[in-house]
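# Any chance you could fold what I've pasted below:
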Amino acid sequence: MASENLITLTEENFAEEVTNSTIPVVVDFWAEWCGPCRMLTPILEELATEQAGKVKIAKVNVDEASNLAAQFNVRSIPMLVFFKDGVQKDTIVGVQSKGAILSKVQAL
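Numbers count the residues shown, from 1 in each chain. As a prediction, this is how the structure comes out:
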């Protein structure tokens, strides 16, 4: 991962990073082979840097964490899932603009 502000999620750290988080979390379900996912990564890196301390931006590689992908019913990627107080609040699928993602975060 290019940004130190992006968190890589696994089944082992998901609860600690998302469920127990005191700030909102945006989880990006993605895969290495997914072109749109790669297009979304720089946008998420920017948001992670700009919103550090206000929101966590995290990534789940669906090929490496298939149980998490199944748990959140991931059918298409990239899929962004928005959490507040450990509860899933919203979901968007596909490449989104920075503004669209930020407005979802601010709605939390």
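
# and the gap between residue 64 and residue 88?
From residue 64 across to residue 88, the span is 21 Å (CB to CB, to the nearest Å). Where you see a C-beta, it was placed from the backbone N, CA and C, and this is true even at glycine.

# Please enumerate the helices of this protein.
14, 35-50, 66-71, 98-107 (DSSP state H).

# do you know how far residue 70 is from residue 11?
Going from residue 70 to residue 11 by CB to CB gives 11 Å.

# Please read the previous query as pertaining to residue 64.
As for residue 64, its distance to residue 11 is 9 Å (criterion: CB to CB).

# how about the nearest residue to residue 53, chain neighbours excluded?
Counting by CB to CB, 6 or more residues apart in numbering, residue 23 is the residue found nearest to residue 53 once chain neighbours are left out, at 7.4 Å.

# on that earlier part again, what would the helices of the chain look like in TSV with mean neighbour count?
Converted to TSV, the helices of the chain look like this (neighbours: other CB atoms under 10 Å):
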stretch	mean neighbour count
helix 14	19
helix 35-50	16
helix 66-71	14
helix 98-107	15
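
# could you dump those to TSV with mean pLDDT?
Listed next are these as TSV, based on pLDDT from 0 to 100:
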stretch	mean pLDDT
helix 14	95
helix 35-50	95
helix 66-71	95
helix 98-107	93
